[in-house]
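> Quick one, structure for this:
(one chain, ligands or ions: 1)
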Amino acid sequence: MLGFAPDLSCCMECGKEDGDFSLTVKGGLICAGCGDFNSKSMTQECLHVLRYIQGAPLGKLYHFKMDEALFQEVSQMTGNYFRNFVTQKFKSLDILG
Ligand SMILES: [Zn+2]
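All right, here's what the predicted structure looks like:
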């Protein structure tokens with residue numbers, strides 16, 4: 001909605017759509033074959049949730065469940081990504097950790 005959503009469809013470099021990815025500050029995914037992988041890589045489940053969130057209508061965003069570990073991963077990925085683009089501090093982001 002703010003215009004800086006990442007492209008979660010495929011690797012920004014090679015176009016690969018499945019596999020292990022990392023979310024980059026360039027605005028999208030980078031696969032294990034194209035990027036320098038480290039602790040920033042995400043699980044398949046996390047990518048699935050992020051793709052769902054990005055495509056779901058607002059009214060459906062709070063109508064799914066995930067376990068605590070996945071919630072923490074999704075929160076960390078979205079929080080880190082958001083903080084790369086927005087320097088202003090939001091109290092609402094504090095709940096994301
Ligand atoms: Zn790639």
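
> which SS class is L8?
Here L8 is recorded as strand under DSSP: H, G, I helix; E, B strand; the rest coil.

> surely it meets Q54?
Yes - under the criterion of CB atoms under 8 Å, L8 is in contact with Q54, at a separation of 5.8 Å. For the C-beta atoms, the positions are set from N, CA and C on the backbone; glycine is no exception.

> Those two: which is more packed in?
Neighbour tally, L8 and Q54, criterion other CB atoms under 10 Å: the higher count belongs to L8, 18 against 12.

> how about that one, what does it touch?
Residues counted as contacts of L8 (CB atoms under 8 Å, 6 or more residues apart in numbering) are G28, L29, L47, L50, R51, Q54.

> Got the phi and psi for the fifth one?
According to degrees, to the nearest 10, the main-chain angles of R51 amount to phi -70, psi -40.

> residue ranges of the helices in the protein, please?
Here the chain has its helices, by DSSP state H, at 44-55, 68-85.

> closest one to the ion among those?
helix 44-55 (13.8 Å; CB to the ion).

> That closest one - what's its average pLDDT?
The average pLDDT for helix 44-55 rounds to 90.

> other SSEs contacting it?
Helix 44-55 makes packing contacts with strand 7-11, helix 68-85 when contacts are defined by 3 or more CB pairs under 8 Å, 6 or more residues apart in numbering; DSSP states H and E.
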